[in-house]
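Next input, structure requested:
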Amino acid sequence: MKSYRTPRAPFVTLAMIVLGLFGQAHAEEENVTVQVGEKRIEIATPPGYFQVTPNMQPLYRFATIMVAESNRFLTYFVPEKHKEAVVSGEMPVMERWYAVQTLAGYEDRKILPEHLQASARFLREHYADAYAKIQPDMDANMVKVSGELSQDSGVDVSVSMNGMEFYPAHEESDSHFSHSMMNSYDMAIESGTKETKVAATVTTALINDRMVFMYVYGEESGLEWTRSAASEWVASTFKANGVNSVSASKAKAQTGDARTEKAVASGLSSWKAVFIALMAVIGVVSVWRLERKRTPPSS
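Numbers count the residues shown, from 1 in each chain. The predicted structure is shown next:
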């Protein structure tokens, strides 16, 4: 079976761990800069979390390949308590994490407040039947994910989506709107099947004329936590970029580019649920790997 541990020079690994431990308080106050087209955007690092970087394999690879085709990966944050394990090449069990993406193909297009408001209207109108609309795409993506996981783990893995509860927006302004979901799926590995539910709050934010998707994931019982954590994270990120947000009711309605408005809205109709389902697979795989380590092979 292919190993997940990435070989590194011991002194490099030790140095990274030491820097992580002694620089934790400072790192939590720093922002992460991402590039969306020609725009630089500062993403606030959530307190108690750290950015997963390309040298932190295999977690970084999973964070990038498990992205819906309509999106582009920007960055990813996991709890500080897992830093030593992640740096040393492991993929620890995690119940909570943060991610940031943007809409692929629109990195260089200026997004206006009216485009954001059109997306919010679209989701308000379709959230109740969102799962039915995206199920064909979900099934196709689950086949893709199953193949990736089977190849990496060395055993047959089958992932299927059982359902999704898609809730209406609970926070909205001229610069963002946030809504939550609860996803349920099965993962069959060898002779066992594991059912998992993942809560998530997704914020679509307008920062420096670019659209950014900010995800907060949690365990099944953590739905309210994802909402409060997302609200604080978005506020810190807006502050870092000088975004002055006002309530949606005060936002002035304008007539924008209909082509951009339609494309942005239709793109938002499928990427969110797809990405949440795919990223949740990481937690299931890590749990399964831990259980396999603890279970001695049958003679």
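
Show the average pLDDT along the longest strand along the chain.
Longest strand of the chain, by residue count under DSSP state E: strand 192-207. Mean pLDDT, strand 192-207: 87.

buried residues in it?
Residues 196, 197, 198, 199, 200, 201, 202, 203, 204, 205, 206, 207 are the ones in strand 192-207 that count as buried (16 or more other C-beta atoms under 10 Å). Every C-beta, even on glycine, is put in place using the N, C-alpha and C of the backbone.

Could you export those residues as JSON lines, including distance to residue 64?
Shown next, in JSON lines, are these (distance: C-beta to C-beta, whole Å):
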{"residue": "196", "distance to residue 64": "21"}
{"residue": "197", "distance to residue 64": "24"}
{"residue": "198", "distance to residue 64": "19"}
{"residue": "199", "distance to residue 64": "23"}
{"residue": "200", "distance to residue 64": "18"}
{"residue": "201", "distance to residue 64": "22"}
{"residue": "202", "distance to residue 64": "18"}
{"residue": "203", "distance to residue 64": "20"}
{"residue": "204", "distance to residue 64": "21"}
{"residue": "205", "distance to residue 64": "21"}
{"residue": "206", "distance to residue 64": "24"}
{"residue": "207", "distance to residue 64": "21"}
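
looking at this, residue 227 is in a helix?
Yes. Assessed with DSSP: H, G, I helix; E, B strand; the rest coil, residue 227 lies in a helix.

what's near enough to touch it?
Residue 227 is in contact with 170, 171, 178, 180, 201, counting by C-beta atoms under 8 Å, 6 or more residues apart in numbering.

can you tell me how far it sits from residue 217?
12 Å (C-beta to C-beta, to the nearest Å).

now swap in residue 242 and tell me
To residue 217, residue 242 is 28 Å away according to C-beta to C-beta.

Equivalent analysis for residue 166, please.
15 Å.

out of these two, which sits in the more crowded spot?
residue 217 (25 against 20; other C-beta atoms under 10 Å).

and the more buried one, which of the three is it?
Under three-state DSSP, residue 217 falls in the strand class.

where does residue 147 fall, phi/psi-wise?
When read as degrees, to the nearest 10, the backbone of residue 147 gives phi -70, psi -40.
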